[in-house]
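Q: Structure for the following, please:
(chains A and B)
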Amino acid sequence: MKKMKGKKLDEVEKTGGAYRLKPGSKAARAKHADDLALLAKGGLKVEDMAAIVVRLLQRVAILEEE
Amino acid sequence: MAYFIRTASGEIKTYMEAPAGTVLETGETWEETPLTFEAFSNRLRLSVDGVGGELVQVPTGSGMAHVQVDCPGESSVMLDINGLVEGIPLVNGKGTLALSSELPGTYVITPADRKKFCAAGESLCVVEVSE
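A: Next up, the predicted model:
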């Protein structure tokens, strides 16, 4: 039987009483790529743009920590 | 009566109704409990919308996924959420924790005290936030 190594878990944090995946996780980086594609496309609603800015700021903060 | 295997480090590896056909690894020991298999399993149950013991998928941006924690007789239980260990307060053995679906990824929730609870069956909850 072949032993398998589990993949690394996404990092989580607790804010506002809920658990959230950290923006620096692998999945979040994929989301970042999607955000950039949407920004390049243009024509975003204000609330969508605001959500992207929040995620970008979170990503910047994590990159600064690294 | 149920039987379980304890590892060399003292953690419960798995449990079953009958100890037949299983070969122990180095340092492992058999233990038996007067609880039935079902009662042993039900000491800690995690579920989302009534679904436990299987992968739960929620779409990104669908709000909070609420994990129901059922741990009869306990006033709190320590859970491991992707490596973050948190004490969950319980009322009449029941509690809840909220998972954000804002970002895609996977939450894996297991009992933090593996010497008391086994991270298998309904004591293990996997919530995938899919894109």
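Q: quick one, helices of chain B?
A: Applying DSSP state H to chain B gives helices spanning B:37-41.
Q: care to break it down by domain?
A: B:1-41, B:42-131 (automatic domain parsing).
Q: what distance separates the start and the end of the shortest one?
A: It stands for domain B:1-41. Counting by C-alpha to C-alpha, to the nearest Å, you get 12 Å between the two ends of domain B:1-41.
Q: Report the mean per-residue pLDDT for that domain.
A: Averaging pLDDT along domain B:1-41 gives 92.
Q: between the domains of chain B, which gets nearest to A:Tyr19?
A: Nearest to A:Tyr19, of all these, is domain B:42-131, at 5.2 Å by C-beta to C-beta. In this view, the C-beta of every residue, glycine as well, is placed from N, C-alpha and C.
Q: What about the residue nearest to B:Gly63 when sequence neighbours are not counted, how many residues nearby?
A: Distances taken as C-beta to C-beta, 6 or more residues apart in numbering or on different chains put B:Ser101 closest to B:Gly63, at 6.2 Å, once the chain neighbours are dropped. When counting by other C-beta atoms under 10 Å in any protein chain shown, one arrives at 22 neighbours for B:Ser101.
Q: Next, B:Ser101: phi, psi?
A: Dihedral pair for B:Ser101: phi -110, psi 20, per degrees, to the nearest 10.
Q: now swap in A:Arg20 and tell me
A: phi -130, psi 150.
Q: Can you give me the distance of the residue of chain B found nearest chain A to B:Ile12?
A: Among the residues of chain B, B:Gly105 lies closest to chain A, at 3.6 Å counting by C-beta to the nearest C-beta. To B:Ile12, B:Gly105 is 28 Å away according to C-beta to C-beta, to the nearest Å.
Q: How about B:Gln57?
A: Distance from B:Gln57 to B:Ile12, by C-beta to C-beta: 28 Å.
Q: neighbour-wise, which of those two wins?
A: B:Ile12 (21 against 13).
Q: quick one: pLDDT of the closest residue to that one other than its chain neighbours?
A: Leaving aside its chain neighbours, B:Ile12 sits nearest to B:Cys118 (4.1 Å; criterion: C-beta to C-beta, 6+ apart). On pLDDT, B:Cys118 comes in at 95.
Q: Perfect, I'm done here.
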